[in-house]
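Trainee: need a 3D model of the sequence below.
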Amino acid sequence: MLSFAAAVFLLIITPGPGVLSLAGVGAAYGFRAGLRYFIGLFIGTNLVALAVVTGLAALILANPVIRTVLMGASTAYLLFMAYKIATAGSQIGFSAAARQPGIRDGLMLQAINPKAYVVNTTLFSGFAFFPASYTVEVALKFLITNVIWCALHFLWLWIGARIKAMNLAPKTQRIINIFMAFALIGVVGLALWASRP
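Mentor: Got it, this is the predicted structure:
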C-alpha cells in the first residue's frame, strides 16, 4: 500500500495539464476561480478513474479514430486554456476574458486529458495490495488517490493564487501568465511527441 501511495504522489506531483492549468488559473484569476476549476478537475479525474476501473476507457481508446479525435480535442482545449491564462489580466492587445474557467472547464479538461487516463490506468491496473478482495482494493485506491490528489492539486492552486495575491505589477503578472501558458504548451508538445507512432 505504501508503494501505491508513493506512486500516486510521484505521478500526480509531476506537472501535467491539470496541475499546470490549475496553477495558471490561480495565478491569472485568483483562488476563488481556481477553486471552482479544482472542483471540476476533481470530479473529472474520478470519472476517468471510474472509466478505467470499469474497462470503459480501454474499450473506447482501443479505437484508433476515437483516440486520435480525443488527442486532437485535448490538444485544442489545452492550447485554448494556455491562451486564456496568457491573456488574463493583460491590457495590451487583448480584451479581458468574458468568463473565468470554472467547474465545467476542469471537468472537460480531465475528460480529454491523456495524463489522467495514463495515471489512472497505471494506478488501478497495477500495485495489487489486497488480493482477498478486488472491490476493497479499488475502494482503498480511490481513497488514497483522492487524498493525495486533493493535497497536491490544492498546493498547486495555492501557489498560483499566492502569485496573484502578491499584486505584482501588470507587466510582471503578464510575464508569469505567459510563462504558465508556455509551460502548458510544453506539456501539450510532450504529449504529442509521446503519442507519435
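Trainee: not counting its neighbours along the chain, what's nearest Ala111?
Mentor: Of all residues not flanking Ala111 in the chain, Gly44 sits nearest, at 5.7 Å (CB to CB, 6 or more residues apart in numbering). For every residue, glycine as well, the C-beta is placed using N, CA and C.
Trainee: just the pLDDT at that neighbour, thanks.
Mentor: If you check Gly44, the pLDDT there is 94.
Trainee: what residues of the helix or strand hosting it count as buried?
Mentor: Element membership of Gly44, judged by DSSP states H and E, is helix 31-54. For helix 31-54, the neighbour count (16 or more other CB atoms under 10 Å) marks 31, 33-38, 40-49, 51-53 as buried.
Trainee: just to revisit the earlier point, test my guess that the residue nearest to Ala111 contacts Ile112.
Mentor: No: with contacts counted by CB atoms under 8 Å, Gly44 stays clear of Ile112, the gap being 9.3 Å.
Trainee: list residues touching both of these two?
Mentor: Among the neighbours of Gly44, none is also in contact with Ile112 (CB atoms under 8 Å, 6 or more residues apart in numbering).
Trainee: for the lengthiest helix in the chain, name the packing helices and strands.
Mentor: Longest helix of the chain, by residue count under DSSP state H: helix 134-165. Where contact means 3 or more CB pairs under 8 Å, 6 or more residues apart in numbering; DSSP states H and E, helix 134-165 is packed against helix 2-13, helix 17-29, helix 31-54, helix 114-125, helix 170-195.
Trainee: mind checking how far that helix is from the chain centre?
Mentor: Helix 134-165 sits 11 Å away from the centroid of its parent chain (CA atoms, centre = their mean, to the nearest Å).
Trainee: ok, now stretch 29-44?
Mentor: That offset, for stretch 29-44, works out to 11 Å (CA atoms, centre = their mean).
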